[in-house]
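**Q** Kindly generate the corresponding structure for this input.
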Amino acid sequence: MIRFSQFITEGPNDPAIFKAIFLAGGPGSGKSYIVGKTALPTLGFKVVNSDDAFEVAMTKAGLTMDGDTIFSTQGQEIRDKAKRLTAQRMQGYIRGRLGLVIDGTGKDPSKITKQLNELRSLGYDVSMIYVNTDLDTAVARNDQRPRSLPIQQVTALWKEVQKNIGNFQRTFGKNFIVIDNSAGENSDKNILDGYRWATKFAKAPIENPKAKKWIKQYAEEHLGIDEASDLSMDRGSIIDLILKDVKDKLMKDVMRSDLKDLKDIAALVKKKVEIDFKHKGRLRIRT
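**A** Numbers count the residues shown, from 1 in each chain. Predicted coordinates:
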């Protein structure tokens, strides 16, 4: 059985809070594979990828994931709905200041620049993993996928994404890494390097001044404390400090009701705690 102390501190101790990783790479690069192998979800990141919702919706509609069906009128309508659903999920993650992996091809640098500026304005530190392959690998892997694209589109998209590497390097600076996932490359070593890079980024102290200000203001305004002004504290300690009053009140309710089962504890927390969307996603106790 999970102890209540573990249950209530899991989110606040998320090492990826206020961190976002953009994922770029052409068709067949293996971005989803790299996400799993570099353990990004384990590090606390929420993956934002409309393809997942799209594939589920296509299956429910009884449609196949071939190029003609994907680019049909019905297929594109389903694609648009999947994108809207994914955008809603992402906003929920952002309200909680959760770690993000934003999965995309990287064919439109202006779109990424707009997104990263919005995230930085909220306090996020941002970075990018660029998953690279040679064209032969991209074509071969595309042919093996159920959701394959015509070779002309694969080639055009690969070239589009390739020309943006320099732009991304300038944009993200030190927070940019290329993982070569081409056939014949030493992928195990490249993935290990990616895992180490992602772990370091996730656990590094928050750099964005707006995140530091948000944390400090919340502590001072809502808890009447100024200990959080010492931003050399690790992030888990800072968030624990901010949520201490919430944890104490919930713990009293749990002990008073003599709750031991995780489901019962979760039900109580859901009943007592809400996200105040008008105040930057902060938690508050319902009265």
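**Q** Tell me which stretches of the stretch 101-250 of the chain form strands.
**A** Ranges of strands within the stretch 101-250 of the chain are 125-132, 176-180, based on DSSP state E, counting those that start in this stretch.
**Q** Ok, which of those strands comes nearest Lys252?
**A** Of all these, it is strand 125-132 that lies closest to Lys252, at 35.4 Å by CB to CB. Every residue, glycine included, has its C-beta placed from N, CA and C.
**Q** Report the angle between that closest one and strand 176-180.
**A** 20 degrees (axes from the mean of the first three to the mean of the last three CA atoms, to 10 degrees).
**Q** how is the chain carved up into domains?
**A** Per automatic domain parsing, the structural domains of the chain span 19-203, 208-285.
**Q** Return the set of residues that bridge with the closest residue to Glu207 other than its chain neighbours.
**A** Counting by CB to CB, 6 or more residues apart in numbering, Glu207 lies nearest to Asp125, which is 5.3 Å off, once chain neighbours are set aside. Counting by DSSP bridges, Asp125 forms beta bridges with Lys19.
**Q** Can you list the neighbours in contact with stretch 82-94?
**A** For stretch 82-94, the surrounding residues in contact (CB atoms under 8 Å, 6 or more residues apart in numbering) are 46, 48-54, 57, 100, 102, 119, 122, 281.
**Q** quick one: which of these sit in strands?
**A** In this view, the contacts of stretch 82-94 that belong to strands under DSSP state E are Lys46, Val48, Leu100, Ile102.
**Q** got the residues you listed as JSON lines, with pLDDT columns?
**A** Output for the ones in strands among the contacts of stretch 82-94, formatted as JSON lines (pLDDT from 0 to 100):
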{"residue": "Lys46", "pLDDT": "90"}
{"residue": "Val48", "pLDDT": "85"}
{"residue": "Leu100", "pLDDT": "93"}
{"residue": "Ile102", "pLDDT": "91"}
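**Q** thinking again about what came up before, and of the contacts of stretch 82-94, the nearest to Leu149?
**A** Proximity to Leu149 was ranked across those by CB to CB; first place goes to Asp51, at 12.5 Å.
**Q** Next up, the contacts around the closest one.
**A** Asp51 neighbours (CB under 8 Å, 6+ apart): Ala82, Asp103.
**Q** Please report how far it lies from Asp103.
**A** Using CB to CB, to the nearest Å, Asp51 is found at 7 Å from Asp103.
**Q** Let me see the confidence value for Trp158.
**A** If you check Trp158, the pLDDT there is 92.
**Q** Please disregard the earlier target; I meant Pro146.
**A** 69.
**Q** do the same with the one 3 residues further on
**A** Note on Leu149: pLDDT of 77.
**Q** Equivalent analysis for the one 4 residues further on, please.
**A** Model confidence at Gln153, expressed as pLDDT, equals 87.
**Q** mind listing the helices for this structure?
**A** Secondary structure of the chain (DSSP state H): helices at 4-9, 31-37, 50-60, 67-70, 73-95, 109-122, 135-144, 151-162, 165-172, 187-203, 209-223, 235-242, 244-257, 262-272.
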